[in-house]
Structure formats: structure tokens, C-alpha cells
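Enquirer: Everything below, folded, please.
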Amino acid sequence: MKKLIKKKYFFTVAVILLILWRAFLNATIPLMDKTEARYAEIARIMAETNDYITPQIDYGVPFWAKPPLSTWLSALSMETFGVSEFSVRLPYLLLSILIIFMIGKYAKREQLPFFLPGFIAMTIPQFLIHAGVVSTDTSLAFCVVLVMLSFWETLHNPNNKWWKYLLFIGFGFGLLAKGPIIFILTLPPIFMWTLVTKSFKKVFSTFPIFLGSLLMLIIAIPWYYLAEQKTPGFIDYFIVGEHFKRFLDSSWKGDKYGFPKQQPLGIIWVFLAAFALPWFEVIIGKIFKKRHFIFHNKWMLFLLFWLIWTPLFFTVSKSLIHPYILPVMIPIVLLMVHWWKEIKQKNLLIGISFIIPILTFIGYLYGFFTNKIEYLSNTDKYIINKVYKEKIPLYHFRKKSYSSQFYSKGAVQSLPLDSLISKSNKTETFFLITRKNDVKRIPSEVLNQLKLQETNKKKRIYRFIPDKNNMH
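Expert: Numbers count the residues shown, from 1 in each chain. Sure, this is the predicted structure:
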């Protein structure tokens with residue numbers, strides 16, 4: 001009993017500290033270009049314009065690549081708590097905490113500490129990262145977890161009738177989180193498990209398929225209808241382009257927002273091994289040892305199908321990024337919980353799992369005390385906040401960055417070379433952000449009128465001071 005109390009105390013404190021550390025990073029780490037700053041800026045514009053139908057990548061420019069659930073959450077958070085890194089990231093931390101509480105009961109059923117699953121989750125690099133990254137992946141992962149656990153609970157704990165409806169609610173919000181991919185990531189592993197366990201009759205007799213589907217459509221369809229009405233062409237781009245061409249053609253030229261991602265076939269498994277260590281490696285070893293018994297345990301089989309399906313699906317895709325593995329972090333956690341009592345070197349494993357959180361702590365302290373964060377970060381936050389005055393126009397030479405949009409609250413404007421030359425002949429003073437590599441594109445007569453204000457590894461910000469002798 002004393003050992004159990006000590007373990008409960010340890011995992012509870014560890015989870016609280018890891019959550020607080022993630023929250024601290026959420027508040028202090030700047031938004032990075034391109035992806036995170038882009039989604040943060042889309043949410044900031046939504047909160048500013050109060051347009052919750054059409055996400056905008058810039059004022060008046062619709063963003064068709066993703067549905068709005070994540071943007072809604074970040075926009076509402078900023079409307080409530082103000083515009084900041086912490087508020088725009090807060091929903092993703094809260095969703096991660098909700099997942100931790102959802103999976104805690106599976107440890108209790110094994111007479112294990114409630115926060116053991118949360119500890120495992122928060123020490124998985126991929127899960128820890130996305131507890132504070134502005135993207136659509138955390139909300140999708142939450143919906144996948146809701147669907148999969150609702151399916152299991154409906155069949156094996158029929159006393160709680162809400163689970164069978166929560167499954168369809170998960171589908172509905174999944175459609176708003178990232179679209180039809182919610183079906184692709186959940187229905188095949190459910191089907192495989194149902195087929196192997198010969199549970200078709202029980203599944204079809206237990207779930208309210210008609211009422212559930214209606215509930216799902218009531219949640220999702222109104223926004224899709226309104227979005228298409230407001231910006232015609234959205235459905236075709238999003239359904240056909242984002243869900244088929246993006247994954248099948250890595251050089252898809254119709255992509256309005258991303259960039260071609262040429263990845264080797266099967267890279268998803270490398271991502272899984274790297275971003276889910278050390279727990280994924282332990283799982284692989286246990287699966288090999290238990291290979292003769294897997295089909296005799298329905299829970300283990302269910303988690304295994306859930307785990308392997310997503311990487312199998314993305315194995316044939318050359319256009320993918322590592323966050324695609326996020327939805328399978330939870331089956332890794334639950335398999336670890338299932339086998340926890342059999343693991344002999346628990347203390348060693350726990351120690352190894354702390355390596356990534358500790359490295360983030362050391363890295364942050366080093367960056368803070370040496371000012372490396374300000375110099376090396378791929379963001380325009382610091383150079384803008386240090387010198388920019390709102391009454392003076394702000395431009396970004398050539399194409400503006402998303403972080404410059406967010407930290408200037410939408411004031412920055414792109415400035416092509418011909419417009420820069422034209423402005424250099426006027427008396428107006430302004431700030432100009434430019435990439436260091438682009439400085440050589442600026443004519444010397446214009447560059448002589450630019451006074452360097454601040455610099456980092458990739459960018460410079462100048463103040464344009466008109467030369468009266470060169471005025472025409």
C-alpha cells in the first residue's frame with residue numbers, strides 16, 4: 001500500500017509539473033514561422049473581424065485548407081484573455097489535459113495510479129510538443145481519442161449510455177477539426193477489430209447509427225454549408241485537393257498555402273520511433289514477446305489496431321509531416337499501462353522518459369541567459385517589439401511573414417522592390433523588415449537611406465530616413 005501511495009504521489013506531482021512547464025513555455029516561447037504563426041494569425045484575424053464562418057489567412061483572403069474548430073478555440077481564447085502566445089495556445093493545453101483525464105480511468109481499472117497514463121503521455125515528445133502548438137493536429141487527436149474510447153466503452157460498459165452518442169459527437173467535431181480524415185483514422189481500425197473479434201452483430205445492435213449520424217451531421221454540416229455559400233469553391237478545394245491530391249501527389253501545384261514535401265516512403269515509421277521514444281520502442285518489444293497472445297486479448301488487439309493503422313495509412317504518402325502521428329500517441333500510452341505491471345526496470349524507463357523534458361528545460365535556460373532565443377528563433381517578434389511604433393508604417397520586403405502579421409496586429413504590409421524604390425523617393429518614414437539574403441536585392445541608393453535598428457539570424461529591421469538631397 002505504501003508503495004502505491006508513493007507512486008500515486010510521484011505521478012500526480014510529475015504530471016502537474018510537466019503541465020506547468022508546458023504552460024510556461026506556451027507563454028514565453030514566441031510563435032514560429034511558418035506553420036504555428038500562420039494558424040495563430042488566422043485566429044487573431046478571426047477574433048478581430050468577428051468572422052467565425054470564413055477563416056482568413058490575411059484580411060479578405062479566405063483560408064480553405066482546414067476547417068475552423070482549432071481556429072475557433074484560439075480566437076475565443078484571445079477574445080477572452082487578450083492577444084498573446086499563451087492565450088492562442090491555451091486551447092491545445094486544455095485539450096491535452098482533457099485527454100489525460102479521459103485515459104486515467106484505464107490505469108485505475110488495473111489498480112494503478114490515475115496519473116500514470118498522463119505521465120507517459122506528457123513524456124512522449126510528440127504529445128508534449130502539441131500540448132502547446134497552434135495547429136489542427138491536437139484537436140483532431142482529441143476527436144480520434146473520443147471516437148475510439150467511446151466505441152470501446154459502449155461495447156464493454158453499457159451502463160453508461162452516453163458513450164454511444166459521444167462517438168458520433170467525436171465524428172462531428174472531427175469533421176470540424178480536420179475534415180473527413182476523422183473517418184479514415186478511426187473506422188478502419190474499428191472495422192478490423194470488429195472483423196477479427198466477430199462483433200458485427202453486437203456493434204450494429206448497440207450503436208444508434210441513424211440518430212448518431214443525424215447528431216454528427218447537425219454538428220458539422222451547418223458550417224460546411226455556410227462556408228461554401230460565403231466563399232464558393234471551398235468544398236472542391238478542401239475535399240478533393242486537401243484529402244486526395246495532397247497525399248497522393250507531393251508536387252501538387254494546386255496547394256494554395258503549403259509547399260511540396262518530398263519525403264521517402266515509410267518515413268512515418270521513423271517519425272513514430274523518434275517522436276514517441278522511449279515508449280514506442282518498449283511497445284515494439286512487448287508486441288514481439290506477446291505476438292502469440294495478442295488475438296486472445298480484445299483490449300490489447302483494439303489498441304494495436306488503433307496504433308498501427310495510422311502509420312500504415314501514411315506509409316504510402318510522400319507528402320506528410322511528423323504531427324500526423326499524434327493520434328496514435330494514446331494507444332501507445334494505454335498499451336504501456338496494460339503491460340506496466342510486467343515491466344521490470346520501471347525506474348530506468350521513467351528516468352529515460354525525463355530526458356526530453358529536462359533537455360527542453362536546459363535548452364530554455366541556455367537560450368534565455370545567452371539571448372540565443374531572440375537571435376536564433378524563426379520569428380519576427382523581437383525585432384518588431386523592440387523598435388516598431390504603431391503610428392509609423394511597417395513593411396516587409398517582398399513577402400511578409402506570418403509572425404510579422406501576428407506581432408504587428410495585422411499592420412505589416414508586403415513591399416515588392418518596385419514599391420520600395422518608389423517609396424524611397426518620398427518623405428515618408430517607415431520601418432522595413434527584410435531577410436538577410438534579400439538585402440543584396442535592394443539598390444544601394446535605397447539601402448543608404450535605411451538605418452539598421454535590430455537584427456537576428458535571418459532578419460533585419462530598418463528605419464527608412466529620407467534623404468532630402470535625393471528627392472525628386
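
Enquirer: What about residue 108, how many residues nearby?
Expert: When neighbours are counted by other Cβ atoms under 10 Å, residue 108 registers 13. C-betas here are computed from N, CA, C, even on glycine.

Enquirer: distance of it from residue 94?
Expert: Separation of residue 108 from residue 94 (Cβ to Cβ, to the nearest Å): 22 Å.

Enquirer: swap in residue 276?
Expert: Counting by Cβ to Cβ, the separation of residue 276 from residue 94 is 22 Å.

Enquirer: Also residue 331?
Expert: In this view, residue 331 and residue 94 are 22 Å apart by Cβ to Cβ.

Enquirer: Show me the shaky parts of the stretch 351-472 of the chain.
Expert: Along the stretch 351-472 of the chain, the parts satisfying pLDDT under 70 run over 467-472.

Enquirer: and if you look at the chain?
Expert: For the chain, the ranges with pLDDT under 70 are 1-8, 241, 243-262, 318-319, 467-472.

Enquirer: how does it look with 80?
Expert: Flagging of the chain using pLDDT under 80 yields the residue ranges 1-8, 158-160, 240-265, 292, 317-320, 389-390, 467-472.

Enquirer: Need the residue closest to the centroid of it.
Expert: Nearest residue to the geometric centre of the chain (Cα atoms, centre = their mean): residue 135, 3.4 Å.

Enquirer: List the contacts of residue 87.
Expert: For residue 87, the contact set (Cβ atoms under 8 Å, 6 or more residues apart in numbering) comprises 74, 77, 78, 80, 81.

Enquirer: excluding its backbone neighbours, what's nearest residue 67?
Expert: Nearest residue to residue 67, sequence neighbours excluded (Cβ to Cβ, 6 or more residues apart in numbering): residue 176, at 4.9 Å.

Enquirer: what are the ranges of the strands in the stretch 351-472 of the chain?
Expert: Remark: strands assigned in the stretch 351-472 of the chain by DSSP state E, counting those that start in this stretch are 394-397, 413-415, 430-435, 450-455, 459-464.

Enquirer: can those strands go into TSV with extra columns for mean neighbour count and distance to residue 47?
Expert: Below are the strands of the stretch 351-472 of the chain laid out as TSV (neighbours: other Cβ atoms under 10 Å; distance: least, Cβ to Cβ, whole Å):
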stretch	mean neighbour count	distance to residue 47
strand 394-397	23	20
strand 413-415	17	20
strand 430-435	21	24
strand 450-455	15	28
strand 459-464	22	26
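
Enquirer: right, so of those strands, which gets closest to residue 120?
Expert: Distance to residue 120, taken as Cβ to Cβ, is lowest for strand 459-464 among the strands of the stretch 351-472 of the chain, at 39.2 Å.

Enquirer: Note down every partner strand of that closest one and its orientation.
Expert: Counting by DSSP bridges, the strands paired with strand 459-464 are strand 430-435 (antiparallel), strand 450-455 (antiparallel).

Enquirer: Please identify which of residue 276 and residue 94 sits among more neighbours.
Expert: residue 276 (23 against 15).

Enquirer: so what's the closest residue to that one other than its chain neighbours up against?
Expert: Among residues not flanking residue 276 along the chain, residue 124 sits closest, at 5.4 Å (Cβ to Cβ, 6+ apart). Counting by Cβ under 8 Å, 6+ apart, residue 124 touches 275, 276, 279, 329, 332, 333.

Enquirer: Point out the ones among those residues that are inside helices.
Expert: Within the contacts of residue 124, residues falling in helices by DSSP state H are 275, 279, 329, 332, 333.

Enquirer: if I look at residue 68, how far off is residue 30?
Expert: For residue 68 relative to residue 30 (Cβ to Cβ), the value is 24 Å.

Enquirer: Sorry, slip of the keys, the one I care about is residue 333.
Expert: Distance from residue 333 to residue 30, by Cβ to Cβ: 30 Å.

Enquirer: likewise residue 207?
Expert: According to Cβ to Cβ, residue 207 and residue 30 sit 45 Å apart.

Enquirer: Any buried residues in the longest helix belonging to the chain, and which?
Expert: Using DSSP H to define each element, the chain has its longest helix at helix 2-28. For helix 2-28, a neighbour-count test (16 or more other Cβ atoms under 10 Å) marks 8, 11, 12, 14, 15, 18, 19, 21, 22, 23, 25, 26 as buried.

Enquirer: separation between the second one and residue 20?
Expert: Between residue 11 and residue 20 the computed distance is 15 Å (Cβ to Cβ).

Enquirer: Can you tell me the closest non-neighbouring residue to residue 310?
Expert: Nearest in space to residue 310, with sequence neighbours left out and distances taken as Cβ to Cβ, 6+ apart, is residue 328 at 4.9 Å.
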